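Peer 1: generate a structure from the sequence data that follows.
(4 chains)
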Protein chains: 2
Amino acid sequence: MTATDGPCCAPIAREPLAEAEAAELAVLLKAVADPVRLRLLSMIGSHAGGEACVCDLTEAFDLTAPTISHHLKVLRTAGLIDSERRGTWVYYWVVPAAVARLGALFTPLAEPVAV
Amino acid sequence: MTATDGPCCAPIAREPLAEAEAAELAVLLKAVADPVRLRLLSMIGSHAGGEACVCDLTEAFDLTAPTISHHLKVLRTAGLIDSERRGTWVYYWVVPAAVARLGALFTPLAEPVAV
DNA sequence: GGTCTACTTAGACATCTTTCGAAGTAGGAG
DNA sequence: CTCCTACTTCGAAAGATGTCTAAGTAGACC
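Peer 2: Numbering: from 1, shown residues only, chains lettered A, B, ... in the order given. Have a look, this model is predicted:
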């Protein structure tokens, strides 16, 4: 640690990633490494009010409701989104800290990042 | 562009990702969404001189040489690393722009997450 | 040339993923 | 209570992925 080779590199390139940490991060990355889930995350995050109803999301794809539900579950299990049922509809929203963690991995920063 | 919601959100959360763009980004993300490839990328990026020989990388894993070679090919096909043969050994290095692109996807632009 | 080392490619196999249709659960309306 | 809508869970089929062994290529050295 404290391998301060300078602020030249993304955190991932400062020092070799430990095996356990790599496994944990891979789970997070696998969650977003799918076109449908990327679009879902983007749609939820950019939706007015910061929340989106599953019904809105399903309509945007040529996929069945169970498939969308599955992808939402993957994102939720990874901690990238959260949801709540209010009456008839279920609403999803983005967990900013989890998304930021992904960004921090690859972004060259001037300051040290405590991941 | 012209999504002047301010610097509050990661680019992915500014406006819905187009289908084609999501597919393209998913390819890049799939490349890093694996524990072995994450560690490879990290090892190459943090290696002295910015380059790493395949032989060094192979030794760090309990995997056979063909498997490591396969993972390196995936990273190379995605444009995240590049390689060159010099004499007996093959050297790999990171392509910073490709890594930065990943970071830019999820990082809130102006300010760190004020949580 | 022949051989050794350092990878890469090819083929095979087990496992994980994506997707669907069908059935289940939960809440609102009549 | 009965029905309708809005999801979620279950089970299965098709495809993608990670890993291996075996074989191929490329350079160094004798």
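Peer 1: what does chain A have sitting close to DNA strand C?
Peer 2: With CB under 7 Å from any atom of the strand as the criterion, chain A comes near DNA strand C at residues A:30, A:33-34, A:36, A:62-64, A:66-67, A:70-71, A:74, A:85, A:87-88. Backbone N, C-alpha and C define where each C-beta goes, glycine included.
Peer 1: return the member of the residues you listed nearest to B:Val99.
Peer 2: Nearest to B:Val99 among the residues of chain A next to DNA strand C is A:Ala33, at 15.1 Å by CB to CB.
Peer 1: related to what we said a few turns ago, list only those of the residues of chain A next to DNA strand C flagged as buried.
Peer 2: Buried subset of those (neighbour count, 16 or more other CB atoms under 10 Å in any protein chain shown): A:Lys30, A:Ala33, A:Asp34, A:Val36, A:His71, A:Val74.
Peer 1: and those, which is closest to B:Leu105?
Peer 2: Set against B:Leu105, the nearest of those by CB to CB is A:Ala33 (11.6 Å).
Peer 1: surely that closest one touches B:Ala26?
Peer 2: Yes - between A:Ala33 and B:Ala26 there is a contact under CB atoms under 8 Å: 5.8 Å.
Peer 1: so where is chain A shaky, pLDDT-wise?
Peer 2: For chain A, the stretches with pLDDT under 70 are A:1-8, A:109-115.
Peer 1: now do the helices in it.
Peer 2: Using DSSP state H, the helices of chain A run over A:19-32, A:35-46, A:54-59, A:65-77, A:96-106.
Peer 1: for these, which one sits closest to B:Thr58?
Peer 2: helix A:19-32 (15.2 Å).
Peer 1: C-alpha coordinates for that closest one, PDB please?
Peer 2: What follows is helix A:19-32, C-alpha atoms only, in PDB (Å, rounded to 0.1, in the frame of the first residue of the first chain):
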ATOM      1  CA  GLU A  19      -8.000 -12.000  -5.400                       C
ATOM      2  CA  ALA A  20     -11.000 -11.500  -3.000                       C
ATOM      3  CA  GLU A  21     -11.400  -7.900  -4.000                       C
ATOM      4  CA  ALA A  22     -11.400  -8.800  -7.700                       C
ATOM      5  CA  ALA A  23     -14.100 -11.400  -7.100                       C
ATOM      6  CA  GLU A  24     -16.200  -8.900  -5.300                       C
ATOM      7  CA  LEU A  25     -15.900  -6.200  -7.900                       C
ATOM      8  CA  ALA A  26     -16.500  -8.700 -10.700                       C
ATOM      9  CA  VAL A  27     -19.900  -9.400  -9.200                       C
ATOM     10  CA  LEU A  28     -20.700  -5.700  -9.400                       C
ATOM     11  CA  LEU A  29     -19.400  -5.400 -12.900                       C
ATOM     12  CA  LYS A  30     -21.200  -8.400 -14.100                       C
ATOM     13  CA  ALA A  31     -24.400  -6.800 -13.000                       C
ATOM     14  CA  VAL A  32     -23.900  -3.900 -15.400                       C
END
